[in-house]
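Novice: Pasting the sequence and the predicted coordinates here, then a few questions.
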Amino acid sequence: MKVLKYAEVQPKDVGKGVSRKVLIHTDQMMLVEVGFPTGGVGARHSHVHRQLTYVQSGVFEFESEGEKVMVGKGDTLAFEPNQQHGVICIEAGVVMDFFTPAREDFL
C-alpha cells in the first residue's frame, strides 16, 4: 500500500492562479488535484495518457475536438489518448484528474 497525506503535498503554481497537487501516483496511474480561479484557463493540449476528470467544485467549460460542454460539481469527463482538450473556469473550483499511465512531466 502507498499512502500520501494531503497536508504534506505542496501545490505547484502552474500560472495565472492555477495550482496543481499530485496527490499520489504509481508508474501506471496518477491522481492530480487542480485548483482554478474564476477565468483560469487550462490551454488546449493533448497527451498520450487516458484521462478522467471529476469536478469537485466550481463551474467549467471544457472543449474537446471542437465540442464544448459546461460542467459543475459532481460531473465527470473522459478523454482518450491524443484527444485535444482544454478548459476555462467559469466559477472558481477544483477538478480531480486521473491519468493512466502516470504523467512523468508532472513529477
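Specialist: Yep, it's here.
Novice: sec struct for Asp105, please.
Specialist: Three-state call for Asp105 (DSSP: H, G, I helix; E, B strand; the rest coil): helix.
Novice: how close does the residue most central in space within the chain get to Leu77?
Specialist: Centroid check for the chain by Cα atoms, centre = their mean gives Asp97 as the closest residue, at 3.9 Å. To Leu77, Asp97 is 10 Å away according to Cβ to Cβ, to the nearest Å. C-betas here are computed from N, CA, C, even on glycine.
Novice: Okay, buried residues for stretch 31-40 please.
Specialist: Neighbour counts over stretch 31-40 (16 or more other Cβ atoms under 10 Å) mark 31-36, 40 as buried.
Novice: Let's have those residues in TSV, adding secondary structure and pLDDT.
Specialist: Output for the buried residues of stretch 31-40, formatted as TSV (DSSP: H, G, I helix; E, B strand; the rest coil; pLDDT from 0 to 100):
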residue	secondary structure	pLDDT
Leu31	strand	98
Val32	strand	98
Glu33	strand	98
Val34	strand	98
Gly35	strand	98
Phe36	strand	98
Gly40	coil	98
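Novice: From these, pick the one nearest Gly17.
Specialist: Gly40 (5.5 Å; Cβ to Cβ).
Novice: Pull the contacting residues for the closest residue to Lys16 other than its chain neighbours.
Specialist: Nearest non-adjacent residue to Lys16, counting by Cβ to Cβ, 6 or more residues apart in numbering: Gly40, 6.2 Å away. By Cβ atoms under 8 Å, 6 or more residues apart in numbering, the contact set of Gly40 is 16-18, 88-89, 92.
Novice: at 10 Å what do you get?
Specialist: Each residue near Gly40 by Cβ atoms under 10 Å, 6 or more residues apart in numbering is listed here: 14-19, 34, 58, 60, 87-90, 92-93.
Novice: Give me the distance between it and Leu107.
Specialist: To Leu107, Gly40 is 22 Å away according to Cβ to Cβ.
Novice: now do Val22
Specialist: Applying Cβ to Cβ, the value for Val22 to Leu107 is 7 Å.
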